[in-house]
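**Student:** What follows is a predicted protein model with its sequence.
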Amino acid sequence: MQEEVSIFETLINRCIQRDEKARKELYDLFSAQMFNVCLRYAKNRSQAEDIFQDAFIKVFENLAKLSNKNQFPGWIKRVFVNTAIDHIRANKRYESTEHLHIIEHYSDVEPSIIDDLAHEDLLEMVQELPPRAKVVFNLFVIEGYSHKEIADELGINIGTSKSHLFDAKNILKTKLLAKEAKLFSIVS
């Protein structure tokens, strides 16, 4: 384990010294995972690519500020999440009030339906959420932020954060139930 840490630290130090080969290695190590982070927050692939590019630029510009190289995986994810939030703030369409329809409360989704879904199916469902609901869902469920942290980060109140999460969960539940019904009708 100690050998891995020193190799990792060496790679980051080479990146700080502007070694292009090291930067490519670091990029290759984290690009797929970080692009998935971008996709979770973006409204489409094009916006995800913009976030991705901006975030990697920030990573390379700020590597020297990282005091503990062992914390790099968490640090890079935080840079990508913050960059996605910055893009959302900059997009005027996100500033308007969103009108989410009230969804009827359904019984819990059968666990088997989730087992049958591919990662891409779930990602697509999350991407189809209304913008604020999608961001709050990602921050709360995926990133582990508290409602207070989300409210502070997005400039909304805690109740609004909870409301967006509730709406996101209900929308996803409705989509899962529809998918379950479709699969059940195929099996029957």
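**Tutor:** Nice, I can see it.

**Student:** which helix is the longest one in the protein?
**Tutor:** Looking across the chain with DSSP state H, the single longest helix is helix 158-187.

**Student:** How far does that one sit from its chain's centre?
**Tutor:** 18 Å (Cα atoms, centre = their mean, to the nearest Å).

**Student:** likewise stretch 45-60?
**Tutor:** That offset, for stretch 45-60, works out to 13 Å (Cα atoms, centre = their mean).

**Student:** Can you tell me the SS state at the closest residue to residue 77 other than its chain neighbours?
**Tutor:** Ranked by Cβ to Cβ, 6 or more residues apart in numbering and with sequence neighbours excluded, the top spatial neighbour of residue 77 is residue 37, at 6.4 Å. C-beta coordinates here come from the backbone N, C-alpha and C atoms, glycine included. For residue 37, the assignment made with DSSP: H, G, I helix; E, B strand; the rest coil gives helix.

**Student:** For residue 55, see how far away residue 37 is.
**Tutor:** 8 Å (Cβ to Cβ, to the nearest Å).

**Student:** which neighbours do these two share?
**Tutor:** Applying Cβ atoms under 8 Å, 6 or more residues apart in numbering, one finds that residue 37 and residue 55 are jointly contacted by 80, 84.

**Student:** Run through the helices of the chain in chain order.
**Tutor:** 2-16, 20-41, 45-62, 72-90, 111-116, 119-127, 131-137, 147-154, 158-187.

**Student:** Can you tell me which of these has the worst average pLDDT?
**Tutor:** Per-segment mean pLDDT for the helices of the chain reaches its minimum on helix 111-116, at a mean of 44.

**Student:** Mind listing residues that contact stretch 155-167?
**Tutor:** Counting by Cβ under 8 Å, 6+ apart, 89, 100, 103, 130, 132-133, 135-137, 140-141, 147-148, 150-151, 154 sit against stretch 155-167.
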